[in-house]
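Trainee: Would you be able to build a 3D model of this:
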Amino acid sequence: MGYSKGTGAAWIIGLLLLFDQLLKIWVKTHMALHESIEITPWFYICFTENPGMAFGIEVVSKLFLTLFRLVAIGAIGVFLYRLVRRDYPFGFIACMALVLAGAAGNIIDSVCYGVIFDHSYGQVATLFPEDGGYGTWLHGKVVDMFYFPLIETTLPAWLPIWGGQEFVFFRPIFNLADSAICVGVFLLLLFYRDTFSRGLEECFTWKKK
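Mentor: Residues are numbered from 1 along each chain as shown. Prediction:
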């Protein structure tokens with residue numbers, strides 16, 4: 001049983017990483033920075049890069065963020081392995097696999113993209129450029145592309161502070177890895193809060209039976 005759950009988690013992680021990286025590489029090698037493709041009036045492929053957290057939030061230095069992500073991925077990987085060994089419900093394991101895959105997808109950008117791509121300002125980037133990349137190891141930028149402007153309007157003039165300003169919902173641009181993290185965390189909070197707490201307590205004071 002543990003083997004089948006572990007295999008399922010591996011498939012989730014592997015497929016998400018594959019599709020996430022294929023999409024990012026396609027965007028980098030086919031679009032210039034800030035170029036967009038309209039899929040529908042409420043869905044665009046809009047190429048942006050960010051050095052920070054999910055959805056472009058930046059609060060700490062790039063090097064610290066990358067190292068923190070590497071440590072976090074290691075901890076989540078150990079946690080997931082021990083969950084499988086202790087035969088936790090597969091739904092819970094799948095949620096943790098989503099979080100791990102999302103974190104790993106973005107850390108690949110942060111660790112490698114500065115070296116394997118040249119810049120995308122006003123041009124389509126080249127994979128493995130002869131003159132080297134736009135940055136160094138651990139200083140790559142995360143590629144984002146999904147933009148869903150579901151509502152675009154101008155706020156009423158009578159509204160205090162924001163009156164007359166443009167309003168867009170949903171404004172952040174994100175990628176498949178961000179989506180995996182958000183879905184995984186949302187499902188954990190919705191269905192597995194108690195299981196998560198119990199898992200942390202058991203797995204990090206874990207002794208082999």
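Trainee: So which bits of the longest helix seen in the chain are buried?
Mentor: Among the segments of the chain that qualify as a helix by DSSP state H, the longest is helix 2-30. The neighbour-count check on helix 2-30 (16 or more other Cβ atoms under 10 Å) flags 5-6, 9, 12-13, 16-17, 20-21, 23-25, 27-28 as buried. Quick note: C-beta positions are derived from backbone N, CA and C, even for glycine.
Trainee: how about the CA coordinates for the next helix or strand after it, as CSV?
Mentor: Per DSSP states H and E, the first helix or strand lying C-terminal to helix 2-30 is strand 36-40. Taking C-alpha atoms only, strand 36-40 is exported to CSV below (Å, rounded to 0.1, in the frame of the first residue of the first chain):
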residue,chain,number,x,y,z
SER,A,36,0.9,38.7,-24.2
ILE,A,37,-1.3,36.3,-26.2
GLU,A,38,-5.1,36.6,-25.8
ILE,A,39,-6.7,33.1,-25.4
THR,A,40,-10.1,34.5,-24.4
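Trainee: follow-up on the earlier one: what angle do the longest helix of the chain and strand 36-40 make?
Mentor: Orientation check (axes from the mean of the first three to the mean of the last three Cα atoms, to 10 degrees): helix 2-30 against strand 36-40 gives 120 degrees.
Trainee: The lengthiest strand in the chain pairs with which strands?
Mentor: Criterion DSSP state E: the longest strand present in the chain is strand 43-50. Sheet pairing for strand 43-50, assigned by DSSP bridges, gives strand 36-40 (antiparallel), strand 142-147 (antiparallel).
Trainee: Quick check: which ranges of this structure have low pLDDT?
Mentor: The chain contains residues with pLDDT under 70 at 1-3, 52-61, 206-209.
Trainee: can you do 90?
Mentor: Scanning the chain for pLDDT under 90 picks out 1-4, 50-69, 152-153, 155-171, 202-209.
Trainee: tell me the phi and psi of the residue in it sticking out farthest from the centre?
Mentor: Ranking residues of the chain by C-alpha distance from their mean position (Cα atoms, centre = their mean) puts Trp158 at the top, at 38.5 Å. Trp158 adopts backbone torsions of phi -80, psi -10, taken as degrees, to the nearest 10.
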